[in-house]
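Asker: Below is the structure, and that's it, no one-letter string:
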Ligand SMILES: N[C@@H](CCC[C@H](N)C(=O)O)C(=O)O
């Protein structure tokens, strides 16, 4: 881990690795040697293009753990600290797999532990073993069982999470209605809809994110079922807005569509930044997510924002 994240260190600031998981953008900060606990203001400052990091959806702290290979801490770009992030788990998993000789690593989070392992690369992209970066690498994570009780999402009132009482638009002709609600360690609502254009996703997503039915806020998915094994998904992320991919959102979309009988328990989920495969295993009830990870570069945090212990 340290080998991957601490190449040569100039005096100014703490090193970072910029990665993406199917387009979901992360800044990974090594917090093995010294704690990294930025305030919400400091996270927002780092997310600002003026900080020179290129912006990100989530800021990730990779910390030591007594029970796992690492603990992953997640901040959204708006500064909020959240439970977990599926695509970042695949990226941190890849970093840990690269830095050790293990076949499988365990990453703890505020939502509980997750295991990560390499998966065969996609056909047509060459041999992943020949790649010097993570560009062609596929990683599978075990996201555990979805939490489906209304108290676990959580919702503000009792409802059947297969299709909750929520609609957007006129009462007699709503444009969105009866979404599924799922927690993958973080809260998701998934609408089954063909409406996926930018303006619609941004407008309705930002509204629903803060709806009083979701006391902790919510990530908002817009899922178009193409066939029983294929979903087109866009996600308005809580605390980050419209992103190119949301891993927990893809897991939640598969769970929500499978519960409604719209898809099988395994499906390809096409997001703006790539393809994810989600498998809701019948025997264990665990949701497995496979998809690409990529290293975009490395750098050093601005000195003033490096010592956030
Ligand atoms: N990008 C993530 C989810 C990150 C956290 C989310 N915005 C939240 O507030 O719960 C993913 O890949 O799962």
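Answerer: Received it, and whenever you're ready, just let me know what you need. Quick caveat, the model's predicted, so the values are computed rather than measured. Numbering: from 1, shown residues only.
Asker: Correct me if wrong: residue 58 contacts residue 26.
Answerer: Yes. The pair residue 58 / residue 26 is scored as a contact, 5.4 Å apart, by C-beta atoms under 8 Å. Any C-beta I mention is one placed from the backbone N, CA and C, and that applies to glycine too.
Asker: joint contacts of these two?
Answerer: The contact sets of residue 58 and residue 26 overlap at 85, 88 (C-beta atoms under 8 Å, 6 or more residues apart in numbering).
Asker: What strands line up against whichever strand in the chain runs longest, and which way round?
Answerer: Scanning the chain for the longest strand, with DSSP state E as the assignment, gives strand 287-300. Here strand 287-300 has these sheet partners by DSSP bridges: strand 15-21 (antiparallel), strand 137-142 (antiparallel), strand 274-280 (antiparallel).
Asker: That strand close to the ligand?
Answerer: No. Strand 287-300 lies out of reach of the ligand by C-beta under 6 Å from any ligand atom, never closer than 8.8 Å.
Asker: how much distance is there from that strand to the middle of the chain?
Answerer: 11 Å (C-alpha atoms, centre = their mean, to the nearest Å).
Asker: can you pull the buried residues of that strand?
Answerer: Of the residues in strand 287-300, 287-295, 298, 300 count as buried by neighbour count, 16 or more other C-beta atoms under 10 Å.
Asker: now stretch 211-218
Answerer: Of the residues in stretch 211-218, 213-214, 217-218 count as buried by neighbour count, 16+ other C-beta under 10 Å.
Asker: if you average pLDDT over that stretch, what comes out?
Answerer: In this model, stretch 211-218 has a mean pLDDT of 98.
Asker: and it, how far apart are its ends?
Answerer: Counting by C-alpha to C-alpha, to the nearest Å, you get 8 Å between the two ends of stretch 211-218.
Asker: Mind listing residues that contact that stretch?
Answerer: Against stretch 211-218 from outside (C-beta under 8 Å, 6+ apart): 153-157, 164, 166, 181, 187-189, 208-210, 238-239.
Asker: Any stretches of the stretch 101-250 of the chain with poor pLDDT?
Answerer: Across the stretch 101-250 of the chain, residues meeting the criterion (pLDDT under 70) sit at 121-136.
Asker: Might you enumerate the residues of it proximal to the ligand?
Answerer: Applying C-beta under 6 Å from any ligand atom, we find that the stretch 101-250 of the chain lies next to the ligand at 186, 219, 237-240, 246-248.
Asker: can I get these in JSON lines with secondary structure and neighbour count?
Answerer: Below are these laid out as JSON lines (DSSP: H, G, I helix; E, B strand; the rest coil; neighbours: other C-beta atoms under 10 Å):
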{"residue": "186", "secondary structure": "coil", "neighbour count": "27"}
{"residue": "219", "secondary structure": "strand", "neighbour count": "28"}
{"residue": "237", "secondary structure": "strand", "neighbour count": "28"}
{"residue": "238", "secondary structure": "coil", "neighbour count": "25"}
{"residue": "239", "secondary structure": "coil", "neighbour count": "19"}
{"residue": "240", "secondary structure": "coil", "neighbour count": "24"}
{"residue": "246", "secondary structure": "coil", "neighbour count": "38"}
{"residue": "247", "secondary structure": "helix", "neighbour count": "28"}
{"residue": "248", "secondary structure": "helix", "neighbour count": "31"}
